[in-house]
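A.B. asks: I would like to see how this sequence folds:
(chains A and B)
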There are 2 protein chains.
Amino acid sequence: MNIHGQPWRTIWPETDGESVGIIDQTRLPHEFAVLTLRSLADAAHAIQSMQVRGAPLIGATAGYGLWLALRADPSDTGLAHAHALLLETRPTAINLRWALDRCRAHLAPLPSAQRAAAARALAAEICDEDVAINRAIGEAGLPLLRALAAQKKSGARLNLLTHCNAGWLATVDRGTATAPIYLAHDSGLPVHVWVDETRPRNQGASLTAWELLNHGVPHTVIVDNAGGHYLQHGEVDVVIVGTDRVTAHGDVCNKIGTYLKALAAHDNGIPFYVAAPSPSIDFSIRDGLREIPIEERSPREVTHLTGRLDTGGLATIRVTPDGSPARNPGFDVTPARLVTGLITERGVCPATAAGLAQLFPDRQ
Amino acid sequence: MNIHGQPWRTIWPETDGESVGIIDQTRLPHEFAVLTLRSLADAAHAIQSMQVRGAPLIGATAGYGLWLALRADPSDTGLAHAHALLLETRPTAINLRWALDRCRAHLAPLPSAQRAAAARALAAEICDEDVAINRAIGEAGLPLLRALAAQKKSGARLNLLTHCNAGWLATVDRGTATAPIYLAHDSGLPVHVWVDETRPRNQGASLTAWELLNHGVPHTVIVDNAGGHYLQHGEVDVVIVGTDRVTAHGDVCNKIGTYLKALAAHDNGIPFYVAAPSPSIDFSIRDGLREIPIEERSPREVTHLTGRLDTGGLATIRVTPDGSPARNPGFDVTPARLVTGLITERGVCPATAAGLAQLFPDRQ
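C.D. replies: Predicted structure coming up:
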């Protein structure tokens, strides 16, 4: 996607041949800063501190993290250590395990001297695949948006609501939930996006809004509490979100609060779609509520917020009383019954075991 | 309620006989500051800027605002002007109109020389009534909590979830939704309250948490997105919220986001109660979604937050990108079908026309 007219991805191998560049997402929307990852520790820190985040981008970063690790220690021990260290950075998104297992299976049989170069090539391949997947998700989702727009008065804008950031910043490029939105906008469909701010880390207010603003897509930031009201009043035509893990039966784990929007969409008869690239689908589990580990993050993300002062600098403020404890679950699970459909790179399917099996017979 | 061991109300006539004291709720939880209202303009500003807020406290402040107005101009014109000015400060809470109409009906027939003193006495009466109503709501709600606690393992804490602040800061004293909670805690029932932070103004994080902390009630602050997850996982036994207006058919208007929690409680078979003092019940309307005006507040409440810096002072930060618009509806409507019961000062009733008619035959 473009930033100030220049095309960017969220992660890239640097031309020095020994490091990886990322956009530091913890500084957006106030500062656009690039970071260089030079080691396994840098990559693990980038994932854990959410300098990179979003299930697909976490997977891609893990791929490059293995490369950086193997440059320093290409032994079996080095590979096992890097795999284990990266795997424990974030527990919920399945893309992380998917990317790490794929890389390990490819790299382990190789002589250690070849591993680093192979890891770099595979990480680049994972990134290119992600972009291709997201392009396909966009093309699969676009007809859904066109059909919804056709039900509206001619020229009326199509109102979408999204939660968190499943935009290009959550992937290598294009985004998952945003892929159909960008395609629709670029093809002249008048779209408008309600952007949930997505507390506690405000990825909607800070990342999705920034993306849409840079791309010129009309949007409005709202607090997470407001979406139900707009759904009740006919001001949302469709909800599209991303996912960190979909089960074989179609349960959807995504950013905390997604479940509440799915309930409200269902209560008002509004379609609720999940953009689900296949690396986010975990065919090994069925019941999302019981089987997906929910990451519990620091209470400080609830009690404190960072933003820009009028004078220009960034500042962190406390919003709760000293002495009041906080809890911070990072994700929730939306039961498959509330999901209208999954938009995958192979097309759209119902959020059911049968629906997924039909699109992914090779993964059963 | 007590602050640092001293009993306080949220509003009181000052001993100078010509002004009214309030707690400045815009500075909590970081600073406890008292303000003096000396004029109609001060009272209107206090309501509009949310130095006082909460439907019952808005009504009480309007009562004292009329007194301050009539001290300066006790004429018919003065009364009509003050009534109109105060009425337009906030559109959603019905208590404001209830208090203003009640005062006008009482004061208009009096000779102008007697009006100010009568207004002061009536405002004090409204305040005392509010405290009595909340005491009765507490007594009506306590058996519900006891019954829920009896279904749990002996000694297990009863987990409540509340949204926004329907605590003593929203009333003259005791609170509405919190009245049964304080009674339960004081009577030895082990309660724990999940406190929704309640964006955009964070009345949960800044007011409810502060209240509960001061009173020693165990509680945990969570983002508004998290309640659905805890409801899914059996970590909430009951939801209790306040209201700004209940219709004759039991629809409940309350702080934006309440509807989402009602949906999640319903989806998980968890009781959802609304503490509804009778001045909050609007028997003149039926359909909350169509008939209750929803206040739209400044987008700045979404784009900016105020809190305390580590260095001690208060600061305001921007969390959204410059150029991204925001919308800020203040309330939503929870359909009666999602409400388990209304806890009023006359007892608990179903959220139906018949239920309300049985408790309030005199209001039909």
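A.B. asks: Contacts only, for the spatially most central residue of chain A.
C.D. replies: With distances taken as CA atoms, centre = their mean, A:Gly54 lies nearest the centre of chain A, 3.1 Å away. When contacts are counted by CB atoms under 8 Å, 6 or more residues apart in numbering or on different chains, A:Gly54 is found next to A:165-166, A:169-171, A:242. All C-beta spots, glycine's among them, are computed from the backbone N, C-alpha and C.
A.B. asks: try it again with 10 Å
C.D. replies: For A:Gly54, the contacting residues are A:10, A:25, A:60-61, A:93, A:95, A:164-172, A:175-176, A:203, A:207, A:242, A:244, A:255, by CB atoms under 10 Å, 6 or more residues apart in numbering or on different chains.
A.B. asks: show me which of the residues you listed neighbour chain B.
C.D. replies: Among those, proximity to chain B is found for A:164, A:207, A:255 (CB under 10 Å from any CB of the partner chain).
A.B. asks: can I assume the second one is in contact with A:Phe32?
C.D. replies: No. With contact defined as CB atoms under 10 Å, A:Leu207 does not reach A:Phe32; the gap is 11.7 Å.
A.B. asks: just to revisit the earlier point, I'd like to know which of the ones next to chain B among the contacts of A:Gly54 is nearest to chain B.
C.D. replies: Nearest to chain B among those is A:Lys255, at 7.6 Å by CB to the nearest CB.
A.B. asks: which sections of the stretch 151-300 of chain A are below the confidence cut-off?
C.D. replies: Scanning the stretch 151-300 of chain A for pLDDT under 70 picks out no residues.
A.B. asks: Within the helices and strands, which one has the residue of the stretch 101-250 of chain A found nearest chain B?
C.D. replies: Nearest to chain B, among the residues of the stretch 101-250 of chain A, is A:Asn225, at 2.7 Å (CB to the nearest CB). Using DSSP states H and E, no element contains A:Asn225; it sits outside every helix and strand.
A.B. asks: Next, A:Thr352: phi, psi?
C.D. replies: The phi/psi pair for A:Thr352 (degrees, to the nearest 10) reads phi -140, psi 160.
A.B. asks: gap between the nearest residue to it once chain neighbours are set aside and A:Gly269?
C.D. replies: Distances taken as CB to CB, 6 or more residues apart in numbering or on different chains place A:Gly250 nearest to A:Thr352, at 5.2 Å, with adjacent residues excluded. Taking CB to CB, to the nearest Å as the measure, A:Gly250 falls 19 Å from A:Gly269.
A.B. asks: Compare those two and say which is more crowded by neighbours.
C.D. replies: More neighbours surround A:Gly250 than the other of A:Gly250 and A:Gly269, with 27 against 7 (other CB atoms under 10 Å in any protein chain shown).
A.B. asks: Shouldn't that one be within a strand?
C.D. replies: No. Counting by DSSP: H, G, I helix; E, B strand; the rest coil, A:Gly250 is located in no strand; its state is coil.
A.B. asks: picking up where we left off before, neighbour-wise, which of A:Leu207 and A:Phe32 wins?
C.D. replies: Higher neighbour count among A:Leu207 and A:Phe32: A:Leu207, with 27 against 14, using other CB under 10 Å.
A.B. asks: ok, and the closest non-adjacent residue to that one?
C.D. replies: A:Asn165 (4.0 Å).
A.B. asks: Repeat that for A:Asn202.
C.D. replies: B:Val319 (5.6 Å).
A.B. asks: cool, and A:Leu342?
C.D. replies: A:Leu342's closest residue in space is A:Ala276 (CB to CB, 6+ apart), at 4.5 Å.
A.B. asks: quick one: the one you found and B:Gly17, what's the gap?
C.D. replies: 68 Å.
A.B. asks: Contact residues of the stretch 101-250 of chain A facing chain B?
C.D. replies: Near chain B, when you scan the stretch 101-250 of chain A using CB under 10 Å from any CB, you find A:163-164, A:194-202, A:204-214, A:218-233, A:235.
A.B. asks: redo that, cut-off 7 Å
C.D. replies: Within reach of chain B by CB under 7 Å from any CB of the partner chain, the stretch 101-250 of chain A has these residues: A:199-200, A:202, A:205-206, A:209-210, A:213, A:219-226, A:228-229, A:232.
A.B. asks: The stretch 251-364 of chain A too?
C.D. replies: Counting by CB under 7 Å from any CB, the residues of the stretch 251-364 of chain A lying close to chain B are A:256-257, A:259-260, A:263-264, A:267, A:289, A:302, A:305, A:307-309, A:315, A:317-321, A:323-327, A:329, A:332.
A.B. asks: can you tell me which of those are in helices?
C.D. replies: When DSSP state H defines the helices, the subset of these inside them is A:259-260, A:263-264, A:267, A:289, A:302.
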